[in-house]
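the following block contains a protein sequence and its predicted model.
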Number of protein chains: 2
Amino acid sequence: MAATIQDVARAAGVSVGTVSRAMNNYPDISAKTRERILKVAEELKYRPNLVAKSLSSKHSRDIALILSGFLEDAMFNDFETMLMKGCYQFAFEHGLDISMYVINSRTQEEKSYEQLCYEHNIAGGIIFGIKSTDPYFTSLAESKNPCVTIDVEVSGKNVSSVTNDHMAAFDELTQYLIDQGHRRIALVCGRKNATVTAQRMDGAMRALERNGLRPPADFVIYTNFLKEEATDGVAGFLKEHQDQEVTAFLCMSDMLAIGTVEALKEAGCRVPDDYSVVGYDGLYVTEYTDPRLTTVDQNIKDKGYEAAHLLFDMIEGRRSAQRLILPHKLEIRDSVKRLEI
Amino acid sequence: MAATIQDVARAAGVSVGTVSRAMNNYPDISAKTRERILKVAEELKYRPNLVAKSLSSKHSRDIALILSGFLEDAMFNDFETMLMKGCYQFAFEHGLDISMYVINSRTQEEKSYEQLCYEHNIAGGIIFGIKSTDPYFTSLAESKNPCVTIDVEVSGKNVSSVTNDHMAAFDELTQYLIDQGHRRIALVCGRKNATVTAQRMDGAMRALERNGLRPPADFVIYTNFLKEEATDGVAGFLKEHQDQEVTAFLCMSDMLAIGTVEALKEAGCRVPDDYSVVGYDGLYVTEYTDPRLTTVDQNIKDKGYEAAHLLFDMIEGRRSAQRLILPHKLEIRDSVKRLEI
DNA sequence: TATGTTTACAAAAACGTTTTTGATACTTTA
DNA sequence: TAAAGTATCAAAAACGTTTTTGTAAACATA
């Protein structure tokens, strides 16, 4: 149905190779012929078949957004949505083809990153959500296809990462809590062996120690970054500890903070009057919660945009693998009470 | 680098055609040869190149999720995210390849749906976000590729739609408001010429009239489904109308309801004490707002899943074009005050 | 035993591009 | 004016599959 390059060649009275060179602005073709071919192509509404193009040309410019665990997380989480928007925005502005693949720990075993790229003829991918125990974590380094990981660092000369200075950011957040008069702070953490957990933990510790404070080990609640676990964890915490034994909950993600607030309300406590709570990520949802959540904005959309940017530059050979650290911003809202000291 | 079908053929001492038939479970091949080929393929870690496969085979099974306006909406909106999850869930369960394309009104002009399918060799798509003024709205009918639209109905023998009974649902929602004692209700509407707007408007009118009520024309606020417009619209409304001239705001989407609550709070009013507000969609965010929003849950994830299901069945010829109407559920929470009559 | 039928595979065509190679005609150079 | 270079294009190869066509051997039928 649709016109092929053959149809255009026939209609213009030239060979298919000539049409191809006309369409792709190659030099060795007369201006007159190019004009004529372009006109014929326009008339026939010719659009190159991208699959054939992809198969034929040696180098692909197509990029992919690869999300691990997207389907496991039944929860709502706009982190991935904003990441997508950023990636697609860049691709859109630069006329790039971008596709999205959903994987998990199991499918990573079945198929390596390089195979995924080969199968779909993609030049490289932006990878989000992999854990340090995932197969990709090591195999990424061996791939000849460049990639950019979000928030985790994988060694390899073709792998870049885009992240924030989570340690500094969490330090800042903790310091804010301390500045507001909080001395006894509980930590609601993410997955125990996740990079981001360690980084944020370091930030918290640094701030605490700088101020001569130290949280006892039993003020720490671990989760797998799931809201429900925060709710359960904090509920358990409240039962085991006396009232006001801590005055604030420092959470490693906004969803954990939301879960924490839920547990607190459930137990009849008011936020921030009885307990202060802070989150981390800067999800849109935090503007609408009750109370509006104080958090650290990572500017996730920018993260996606810059990741795509970096990946594209690597593919085109303009930039080499690197660690890109984006700025963050402390977003002060209504979930922290100032304590008089 | 990666092994091709040629490598497998050579290693197994057969022709490429035979390898292809062995891999795809064709009948005319001996069990012994198949075994041997499969073993060799395994050893060489052979994975068919999907691009070549796509180009070669006449019929594709790949589907696409086509989002119009995804990038325009700078707002957070988890509608699309949940839709994606549903689609990808189905694709994942059935071993289908699914890709996501972002379009807008302008790119629709440049490239028809059929051309999009042709270019990427996709069998059909799930289409979300098109307006009645968009080029796709009419051109979809002419395409030979089947498609499923979400919430809009397009005529054509290859186009299905998945929707809710928005009229009945909005009737229900309105009736709930009336049952709670509300008599003077303002309507915060979506885009004036959108199908869903008309349907929901009809539902509201039906309920109102059944109860002998009729909203004066100036109790209606139109928006383009943007939160900020609701905020501005309601703020303007409050200035022009006396206190308690209306007691409730009936919003056509959750984001509009959130915007409405924002305007109300800004004006120093409490929700639901001074004014009641209800939304529509069932976004996750409505569970966390203050107050928790009463809304109609569309079960968007199911919508995506069923859309993919229907599309797949159409592609395989198991189902013909149809209009699928999914159930909804009134979600009663805390944003409506019961008025004593 | 001659003839048809089936089985199991090889060989080649096809998908729609890009890229390489080759060839003709024109232009420049000495 | 002959040789060399250049511009412009055609022809063919290549990408990695699937699908079609062809064919030899094995088997069944008369």
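Done, it's in.

give the helix, strand or coil label for A:Phe249.
Three-state call for A:Phe249 (DSSP: H, G, I helix; E, B strand; the rest coil): strand.

residues contacting it?
A:185-188, A:234, A:257, A:260, A:264, A:275-278 (Cβ atoms under 8 Å, 6 or more residues apart in numbering or on different chains). C-beta: built from backbone N, CA, C; applies to glycine.

measure it to A:Met255 for me?
13 Å (Cβ to Cβ, to the nearest Å).

got it, and A:Thr4?
Using Cβ to Cβ, A:Thr4 is found at 50 Å from A:Met255.

which one's more surrounded, the two?
For A:Thr4 and A:Met255, the more surrounded residue by other Cβ atoms under 10 Å in any protein chain shown is A:Met255, and the numbers stand at 29 against 18.

for the more buried one, which non-adjacent residue is spatially closest?
A:Lys227 (4.6 Å; Cβ to Cβ, 6 or more residues apart in numbering or on different chains).

hang on, the one you found packs against A:Ile258?
Yes: if you go by Cβ atoms under 8 Å, A:Lys227 and A:Ile258 touch, sitting 5.9 Å apart.

could you pull up the contacting residues of the residue of the stretch 151-300 of chain A found nearest DNA strand C?
Going by Cβ to the nearest atom of the strand, DNA strand C is nearest to A:Asn158 of the stretch 151-300 of chain A, at 21.3 Å. A:Asn158 makes contact with A:141, A:143-147, A:314, A:321, according to Cβ under 8 Å, 6+ apart.

including neighbour count, could those residues go into TSV?
What follows is the contacts of A:Asn158, written out as TSV (neighbours: other Cβ atoms under 10 Å in any protein chain shown):
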residue	neighbour count
A:Ala141	15
A:Ser143	22
A:Lys144	10
A:Asn145	21
A:Pro146	25
A:Cys147	29
A:Met314	22
A:Ala321	16
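
what separates A:Asn25 from A:Ile37, distance-wise?
Counting by Cβ to Cβ, the gap from A:Asn25 to A:Ile37 is 12 Å.

who has more neighbours out of these two?
Just comparing A:Asn25 and A:Ile37: by other Cβ under 10 Å the higher neighbour count belongs to A:Ile37, 24 against 8.

how close does that one get to DNA strand C?
Remark: distance between A:Ile37 and DNA strand C (Cβ to the nearest atom of the strand, to the nearest Å) = 11 Å.

helix, strand or coil for that residue?
Assignment for A:Ile37 (three-state DSSP): helix.

residues in contact with the closest residue to it other than its chain neighbours?
Spatially, and ignoring its direct neighbours in sequence, A:Ile37 is nearest to A:Ala22 (4.1 Å; Cβ to Cβ, 6+ apart). Counting by Cβ under 8 Å, 6+ apart, A:Ala22 touches A:29, A:33-34, A:37-38, A:41.

can you narrow the contacts of A:Asn158 to ones near chain B?
Among those, the residues that sit close to chain B (Cβ under 8 Å from any Cβ of the partner chain) are A:Lys144.

where are the low-confidence patches of the stretch 1-150 of chain A?
A:1, A:73-76 (pLDDT under 70).

for the residue of the stretch 201-341 of chain A found nearest chain B, grab phi and psi.
Chain B sits closest to A:Asp290 of the stretch 201-341 of chain A, with a gap of 2.8 Å, by Cβ to the nearest Cβ. Per-residue torsions, A:Asp290: phi -120, psi 110 (degrees, to the nearest 10).

quick one: stretch A:207-222 to chain centroid distance?
Centre-to-centre, stretch A:207-222 and its host chain are 28 Å apart (Cα atoms, centre = their mean, to the nearest Å).

tell me which residues of that stretch come out buried.
A:207-208, A:215, A:219-221 (16 or more other Cβ atoms under 10 Å in any protein chain shown).

how about TSV for those residues, with distance to chain B and secondary structure added?
Formatted as TSV, the buried residues of stretch A:207-222 follow (distance: Cβ to the nearest Cβ, whole Å; DSSP: H, G, I helix; E, B strand; the rest coil):
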residue	distance to chain B	secondary structure
A:Ala207	28	helix
A:Leu208	29	helix
A:Pro215	27	coil
A:Phe219	25	helix
A:Val220	25	strand
A:Ile221	20	strand
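
now for these, which pair is the farthest apart?
A:Ala207 and A:Ile221 (18.4 Å; Cβ to Cβ).

the closest residue to DNA strand D within chain A and A:Leu38: what is the separation?
Residue nearest to DNA strand D within chain A: A:Gly17 (2.9 Å; Cβ to the nearest atom of the strand). Separation of A:Gly17 from A:Leu38 (Cβ to Cβ) stands at 16 Å.

who's more crowded, the two?
More crowded of A:Gly17 and A:Leu38, by other Cβ under 10 Å: A:Leu38, with 16 against 12.

domains of chain A?
A:5-48, A:63-165+A:300-326, A:166-298 (automatic domain parsing).

can you get me the start-to-end distance on stretch A:60-80?
With Cα to Cα, to the nearest Å applied, stretch A:60-80 spans 25 Å between its terminal residues.

in helices only, show me the contacts of A:Phe249.
Here DSSP state H is the test, and the contacts of A:Phe249 give A:234, A:257, A:260, A:264 as lying in helices.

which parts of the stretch 101-250 of chain A sit against chain B?
So far as Cβ under 8 Å from any Cβ goes, the stretch 101-250 of chain A lies against chain B at A:102, A:111, A:114-115, A:118-121, A:144.
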